[in-house]
Each structure stands twice: as structure tokens, then as C-alpha cells.
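J.: Output the structure for:
(chains A and B)
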Amino acid sequence: MSAPVSRAAVVAALLRKELKAYSRDKLYVFLTLLTLIAVVVMFRFLPDSVDETLTLAVSPPLATVIEDARGALSAMGVTPEQLAELDEADLATEEGLELVEFEDPSQMSAVIEGRLEAWRGADGELMLRDLDSGDPKPDGADRVDVSVGIAFPERFVADLTASRKVSVKIYSDAGVPGEIRDAVRGIVREVGYGLAGRGLPVTVPDEETVILGEDRSGDQMTLRQKFRPMIIFMVLLMETFSLVSLVSIEVLQRTVTAVLVTPARISDFLAAKAIFGTLMAFGQGLLVALLVGGFNADNWSLMLTVLLLGAMMFTGAALMIGAAGKDFLGQLFYAMGFTVPMIVPTFAVLFPGTAAPWVKAIPTYPIIELMVRTMDYGATWGDSWSLLSYAAAWLAVLFAGGLLVLRRKVATL
Amino acid sequence: MSPYRILKVLRKDLSLGPRSPFFLYAIVLPFVLTLILQFAFGSLFDPHPRLGVVDLGDSQITAAVEEMEWITLSKPDSAERLKEMVEANDLDAGLILPAGFDDAVRAGDRPELQLFIGGESYASNRLILSVTAIDLIREVEGGESPVTVEVVSFGEAGLPISTRLVPVIVFYALTMAGIFVPGSSLVEEKERGTLMAMLVTPVRIGEVLTAKWVLGTVFAAVMSAVTLALNQALGANWLDVLVVVAVAGALSAMIGLLIGVFSKDSAVLFGVVKGLGIFLFAPALFYIFPDWPQWIARLFPLYWIIEPIWRVSVMGGALSEVWTELAVALAITVGLVPVVALLARRTRAQMAAA
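T.: Residues are numbered from 1 along each chain as shown, chains lettered A, B, ... in the order given. Sure thing, here's the model as predicted:
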């Protein structure tokens, strides 16, 4: 007669069996590692900055336009105070606008048309590269993408100030979005109104009063930041498939019945599967989260909790799916049927603004939303209670459902 | 090899194949993806500035914004709701037009501009929406602009995102029909023992594999053509397109066969697809992001079939423009044959030993 074994020892033994079975398949382990590495490498290739400015070419340079106007206007007897107002027409100070100034309008149009390339050196000097004549790329310079530009005519300011109508050409690549073309047209017209002495037809309040929410101008969320929670979430989700296969093999090959003739009970089997699945998903999620910079000194405890909730949620679902189906491919079919809707909330993260109500009803919504808020918006425990409760409620449903379905399946074998 | 026996196996696969869930996925996926990517998520890659307007009178500005197809207009119920939406980044900016706004502008009363900008909106969108709002108010003010603007346009408009998403959808059609269907069919035969049963008849393993390859090729070519038609990318040069999708089907089915022969069971099949998925999918991404260095795409095998589909079907090019790509695709297909044969021999030996 052997001494009775504790439940913990049985579960630990089953966990060792799971780990052995998992690591025995070297190819699967290799591919899992390969996927994790590929995901992290791809993450590093994502853009880490946001270009939120509108690049606008002008010719001649604004300083030249204003200087020409000064001479002409002084000759017309305009006062120094009125001349000083010219500086207000300087577009270079406009937020969201990056000016590229060309001496010659024909050069500007050639760049927009694609016959010349514009490059900016480290000292800010603009260089032109003629593609037809085979000019080499300028050293230490960055290419400037110019697709829309304004050609101011000679005497632009002087004519407008003297209430004479002027004509301005805007050169544009056909691929420039309509809203940008319209905005450039609007800018030119508004400069014209201003120089013609026709002030704004409305009163404009101070900027501080019209910005709603935290002003992130210059500090926008990059694509890399947007993808970070999505990548961690996808790693958790992919583990659903792995655990489905671990459960289904036991069920389909009926090895679980062999396990149950040992001192192990169904509850031990379920506990081992649930713990192993959670640890596998959690471990991989944690590794990827660390590699993509998902943790910091302030959010680590909350992030660990969210990762654990996510890992347990997918484990619960995997237990349910693993118990269903008549073969592996059938179970894969169910797993895909389950995971595809679960991915929807991650796409909502990529869109700006609030998710639709039906997206919020999906079990994975609180998990991805918590990740986004924690990693990207610095949410604290205090900010996250309602979402944590919502996630915990879904977790209870899926986990309890998974255990129940698998228990019934095992009992019928 | 006997064409008769290949046909027999193919007929069996055609009659039993539709029972497989992957068959169903391969048929349904192009429709679902077209729906999701083109209609639901199309705006993700090509966003327009989002403006909300609460018009408490009957301003002509609202009507003018409605006609601007490149501004996404929302009309919240109240000023409070509009501010909430701007703050939550559901809108880039919100404009409140009080009753009598247009009359006040025309009368030169200079009413206050109630334009609210979202803190998370891009600087370029802020500029665009502010300038557009002022420009529309100028139109309400009346009077002639002191500046006449002439727009000179060069080149052709860039491709819309709906077009650039076509390679992604075609990729999935090829993967499901060309790779998954023959691959999973072969693995299922191994697991259920029906492959062994077939091999005790006069059918040889090469004939079984050829039948599966033909099934994958035809199925992938048909599903690719259907996907292109669904996305309105099947033009007048449909004969050229058929050649291109046939080559695409041939290569993807050969990859499917390779995975199927290599995988001893469904779990390994899934593991291989999981591991290789990202490498197979990579070239499709380069069509969504044309600014990425395009030479990288050439490193991936499916580039050599997606590029011809793109150029011939989507861009309406001729077959002569893509013969190099097609030749490389066929070379990869032929090059994989000895590898498949080698693995098939191993499989046969394993089955004999079992």
C-alpha cells in the first residue's frame, strides 16, 4: 500500500507531464519561438514617429515675397506700422505646416511633377537632384516629399495691398487628397483677404479654449504604440490554438482515461490543464510585453494583472473548444470561429475614438482596452476598476464554461 | 503515373473534400474579407478629417460640408454631445453654428467662431479643418475673393485603399484554397489511415499527391478569380488573368502539398502554418504600404505570384510585363517537386514501418 498523495502533488505531476508533452514536439516549440521572435522583429520595423504636418512648397521664398513687397509699398507711402503687419502673413509660423521654399517656381513644379527630387541637407539647405541627368543622391541629406506648392506671382503683396486682384497658381500632384488641395487653396485666399485688409468675418477665441482633451500635438500616438497592445493580445490569443490541441489530443486519443486510472481525479486533470494553459499564454504574453516595452515602473502590477486575466480568459475558451469537435481539424475550425470575433476589439484600437457598443460587448474588449489605457495613457488601478470588473465577469463565464464542458466531456469518455 | 488513377483520386477528393471545414473556409473567406476589409476597415488606412457640426439654425455651411466628400461629417444632437465626441477623439473638430450665424456674418457682426479641436487630432487635420471652416464662412460673408486660385495637377491620382487591399484578400484566397485545402486533406488522410488504404491499391503515392496538387491548383485559381471579380479587379484582359491565377494556384498548392507531406499530424500542420504564416503574408503588406522598400517583398515566395496578379489583374497590364515573375514562380514550383517527392518517400517508409 502506498501512502496517499496530496492533490497538489497530483496536479504538479500532471503539470510535469504537460510540459514534457509540449517540449517533446521540438518543431512546435521551435515554431512558437520563431513566431515570437518574428512578431517582435516586425514590431521594431513599425514607424515610431507620426508625421502630422502638411508639407507645403512655396516659391519664391516668403522672405523674398515680403522683402519685394516692402520696397514697393514704401514707395507707395505705406507706414512702417503697416509694413510690420506683413510679418503676420508669414506661413512659416503656422502650426502643422512645414514650408519648403524654392527660388524658382519652375523648379518647384518640376519637383512636384517628379522630374526633380528635393533633398534637405543637415544645415537645412535645399538641394535639387535631376533624375534625367543621373545626379547622385546628395550625401548626408534627407529626401523631402513635396506634392503641393504655391507659386506666388511678382508684386503679390503690393497688388493685394493696392486692392488689385491677383492670380495664384497651386501646383499639385494628382494623388494629393482633396482636403489638402482645398486647404491650400483656402490658405492662399485667406492670406489674400488679410493683405487686402479684410479681417476675419468671425471672432476667434484663444487656442486654449478650443482644444478639448489633452493636447497631444507633437506627441501623437505612433503606429508602433498602437500596435503594441495588439501584438501582446494576439500572442495570448494564439495560445488558445495551442491549448486546444493539448486538450483535444487527450480527449480524442482518450489518454485522459489512462490518467484517471491513476490517483488523479477529473478535477486534478482540469486544474492541471487550466494552470498549464494559463502559464503558457501568460508566459509568452509576458515575454513579448517585455520585449516590446509594455512595462514601466508605474504600470507593471496592473499590466501583469491584465495579462493574467487575458491568459485565463483564453484558457477557459480553449478548454471549451478542446472538448468540442470530433477531430483536430474540426476543433481548429471551432477555434477559428471563436477567435475571429475576439480579434474585432483589437482593430477598434487602431481606429481613433470610442469603440461601437457592440464591440464593447465582446469578451476581449476590456482586456485590449485595459492594455491600451495602461500602456499608452498611463491608466492607474483607480482608473481601471470598472474595466477590470467587466473583464473578470467575462473571465468567470468563459472559465467556468470551459471547465464545465471539459468535465462533462471527460466524464462521458 | 497513370492519369486515370490520378483522376480517380481527384474525383474522390472532390466528392469528399467539401466535408472538410477548410473547404468551407476557403469558399466563405473571400466574401467575408471583401466585406470586412473593403467596407468596414477601408477607412482605417485612408482616413479623412472628421468634422462634427451642430447647426442650431439653417446655415449654408452645413450644406457645403455635406458636399465635401473628403471630410467625414457627423451631426451630433447637441453642443454638449459634440464636445464629448471631440474630447473622446471621435471627431477631429466640432463646429457649433448658433441660430442666425449666417446673418450675423453677412451683417459684419463678427460672431464668435465656435470651432472645437480634439487634443488627439493631428496638426495637419486641425489646419485643414480650421482653414476649411474659415473658407466656408468667407463664402457666407459674400463678396469677391481678392485672389484667384488656379490648380495645376500633375500625374494620375494615387490608387485608392480599396484597390491596394485586393492583394491581401487574394492572398487569403490562395492560402486557404491553395495551401490549407491540399495540405489538410493529405494530413487527414494520414491520420485516418485512408492514405495507407489507398496505397495498398494500385494507386501510387505520387498519383495521390498529384491529384491533391491539381485539386489545390484549380481550387486556388478559381477562388482567386472569384475574389478578383468580387473586388472588381477582373478586367477585359481576363484570359491573361486566368493564366496568372493558374500559376499562382500551382505554386500555392505546391507549398500546401509540401506542408501536408511534411506534417505527420494536424497539430504539426497547424504549427507549421502558424510559424510560416507571417512569412507567407509579408509580401501582401507591401501593397498596403507602398512607401516601404519594395525590394524586401521579393525575398518572400508568394511575392512572385501576388505581383503578377497585382500588375495584370488589378493594374490591367499584359502578360508580357510579368513573364519574369511568372517564370520565377514556376521555377519555385518545379524546384519544390523533388523536395515533396523526398518527403513523400519518407512518409511511405514510415507508413510501411508502422
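J.: What's the mean pLDDT across the longest helix along chain B?
T.: As assigned by DSSP state H, the longest helix anywhere in chain B is helix B:323-353. The average pLDDT for helix B:323-353 rounds to 89.
J.: Please identify the buried residues of that helix?
T.: B:325, B:326, B:328, B:329, B:332, B:333, B:336, B:340, B:343, B:344, B:347, B:348 (16 or more other Cβ atoms under 10 Å in any protein chain shown). (C-beta placed from N, C-alpha, C; glycine too.)
J.: ok, now stretch A:32-43?
T.: A:32, A:35, A:36, A:38, A:39, A:40, A:43.
J.: For the residues you listed, which two are the farthest from each other?
T.: Farthest pair in the buried residues of stretch A:32-43 (Cβ to Cβ) is A:32 and A:43. Separation: 16.9 Å.
J.: tell me which element the residue minimising distance to the centre of chain A is part of?
T.: Among the residues of chain A, the one closest to the centroid is residue A:226, at 2.2 Å (Cα atoms, centre = their mean). Taking DSSP states H and E as the criterion, residue A:226 maps to helix A:223-252.
J.: quick one on the thing from earlier: name the nearest of the buried residues of helix B:323-353 relative to residue A:70.
T.: residue B:325 (59.6 Å).
J.: Which element, helix or strand, includes residue 23?
T.: If you meant another chain, say so; for now it's chain A. Using DSSP H and E, residue A:23 falls within helix A:7-24.
J.: Actually, chain B is the one I wanted.
T.: Counting by DSSP H and E, residue B:23 is part of helix B:21-33.
J.: Counting by contacts, list what that helix packs against.
T.: Packing partners of helix B:21-33 (3 or more Cβ pairs under 8 Å, 6 or more residues apart in numbering or on different chains; DSSP states H and E): helix A:328-350, helix B:166-174, helix B:181-192, helix B:205-230.
J.: and the longest helix anywhere in chain A, anywhere near chain B?
T.: Secondary structure of chain A per DSSP H: the longest helix is helix A:381-412. No: with Cβ under 8 Å from any Cβ of the partner chain as the criterion, chain B is not reached by helix A:381-412; the gap is at least 15.0 Å.
J.: if we can go back for a sec, which among the buried residues of helix B:323-353 gets closest to chain A?
T.: Taking Cβ to the nearest Cβ as the measure, chain A lies nearest residue B:343 of the buried residues of helix B:323-353, at 13.6 Å.
J.: what's the spacing between the helix or strand hosting residue B:258 and its chain's center?
T.: Assigning secondary structure by DSSP H and E places residue B:258 in helix B:238-262. Chain-centre distance of helix B:238-262: 18 Å, with Cα atoms, centre = their mean, to the nearest Å.
J.: name the helices or strands packed onto the helix or strand following that helix?
T.: Next along the chain after helix B:238-262, taking DSSP H and E as the criterion, comes helix B:266-288. Contact partners of helix B:266-288 among helices and strands, from 3+ Cβ pairs under 8 Å, 6+ apart: helix A:26-45, helix A:223-252, helix A:328-350, helix B:161-164, helix B:166-174, helix B:181-192, helix B:238-262, helix B:303-308.
J.: which stretch in the ones you listed has the least confidence?
T.: helix B:161-164 - the lowest mean pLDDT of those, at a mean of 71.
J.: Return, as residue ranges, the portions of the chain with sub-threshold pLDDT.
T.: I went with chain A, as the question did not name one. Low-confidence regions of chain A, defined by pLDDT under 70, span residues A:1-4, A:27, A:72-73, A:75-95, A:207-209, A:325-329, A:350, A:352.
J.: meant chain B actually
T.: Residues of chain B that meet the cut-off, pLDDT under 70, sit at B:17-19, B:37-46, B:156-162, B:290-291, B:354.
J.: Walk me through which strands whichever strand in it runs longest pairs with, and which way each runs.
T.: Secondary structure of chain B per DSSP state E: the longest strand is strand B:147-154. Looking at strand B:147-154 with DSSP bridges, its partner strands are strand A:166-173 (parallel).
J.: now what about the partner strand, what contacts it?
T.: Strand A:166-173 has contacts (Cβ atoms under 8 Å, 6 or more residues apart in numbering or on different chains) with A:57, A:105, A:108-109, A:112-114, A:147-153, A:155-156, A:159-160, A:181, A:184-185, A:188, A:192, B:146-155.
J.: related to what we said a few turns ago, next one: the residue nearest to the centre of chain A from residue A:351, what distance?
T.: 10 Å (Cβ to Cβ, to the nearest Å).
J.: ok, now residue A:266?
T.: Distance, residue A:266 to residue A:351, by Cβ to Cβ: 44 Å.
J.: same thing with residue A:28?
T.: Relative to residue A:351, and taking Cβ to Cβ, residue A:28 is found at 35 Å.
J.: When these two are compared, which one has more neighbours?
T.: The neighbour count for residue A:28 versus residue A:351, taken as other Cβ atoms under 10 Å in any protein chain shown, is higher for residue A:28 (20 against 17).
J.: Once you drop chain neighbours, what's closest to the more buried one?
T.: The shortest distance from residue A:28 to any non-neighbouring residue, by Cβ to Cβ, 6 or more residues apart in numbering or on different chains, is to residue B:271 (4.4 Å).
J.: Wait, that neighbour touches residue A:31, no?
T.: Yes: using Cβ atoms under 8 Å, residue B:271 makes contact with residue A:31 at a distance of 4.8 Å.
J.: Could you check which of those two has the larger neighbour count?
T.: Taking neighbours as other Cβ under 10 Å, residue B:271 and residue A:31 compare with residue B:271 leading, 23 against 20.
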